[in-house]
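Visitor: Structure of the sequence below:
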Amino acid sequence: MLQSLNVKFVVVGHSERREYFHENNQLLAEKTDICLEYNITPIFCCGEALSIREANTQNAFVAKQLEESLFHLSAEQIQKLVIAYEPIWAIGTGKTASSAQAQEMHAFIRSEFAKKYNADIANNISILYGGSVKGNNAVELFSQPDVDGGLVGGASLVADEFVAIINALK
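Guide: The predicted model follows:
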């Protein structure tokens, strides 16, 4: 159906789908496979809740999401994905990961792809930040070496905010 509508990108694994619809890593692996089968680019979301961050186990948690949902893919297939790190504790709460926290997790995610595939693949996968991106934090977030852009939610509904975010990418 999405292919017939000429849809090019689909968000897979958003935290709200995981929570409210009980989408687990196996189901997300299947959804990712279907997207790729129909030439739709999955924007794969991963990220941790506040309790996981406070326990300092966020890296292991995100690594498990990637391993169970994506690491069955071939090197050719994995290069067709976009990754979005969404710290669940920063979505709709007004809290945002600091640019250092975002960079740390994005670099970790990139290192996981390098371990599984190789450095070239890891360096060419887009990793977006998706935790309350706003006009006033976009420049700092996007200036981090491993943050390739943003998965923008509510701020995309406010024209001035969205324009500021877009301009931060320049």
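Visitor: for this structure, which helix is longest?
Guide: Looking only at the chain and at elements set by DSSP state H, the helix with the highest residue count is helix 99-116.
Visitor: so for it, what's the average pLDDT?
Guide: Over the span of helix 99-116, the pLDDT mean works out to 97.
Visitor: Touching the next helix or strand after it from outside, list them.
Guide: Toward the C-terminus, helix 99-116 is succeeded by helix 119-124 as the next helix or strand (DSSP states H and E). Helix 119-124 is touched from outside by 75, 78, 79, 110, 111, 113, 114, with contacts defined as C-beta atoms under 8 Å, 6 or more residues apart in numbering. C-betas here are computed from N, CA, C, even on glycine.
Visitor: ok, and the closest non-adjacent residue to the last one?
Guide: Nearest residue to residue 114 in three dimensions, chain neighbours excluded: residue 122, at 3.8 Å (C-beta to C-beta, 6 or more residues apart in numbering).
Visitor: and which of the contacts of helix 119-124 is nearest to residue 24?
Guide: Distances from residue 24 to the contacts of helix 119-124, taken as C-beta to C-beta, are shortest for residue 78 (20.1 Å).
Visitor: what are the phi and psi values for the nearest residue in space to residue 41 that is not next to it in sequence?
Guide: Spatially, and ignoring its direct neighbours in sequence, residue 41 is nearest to residue 9 (4.8 Å; C-beta to C-beta, 6+ apart). The phi and psi values for residue 9, taken as degrees, to the nearest 10, are phi -130, psi 140.
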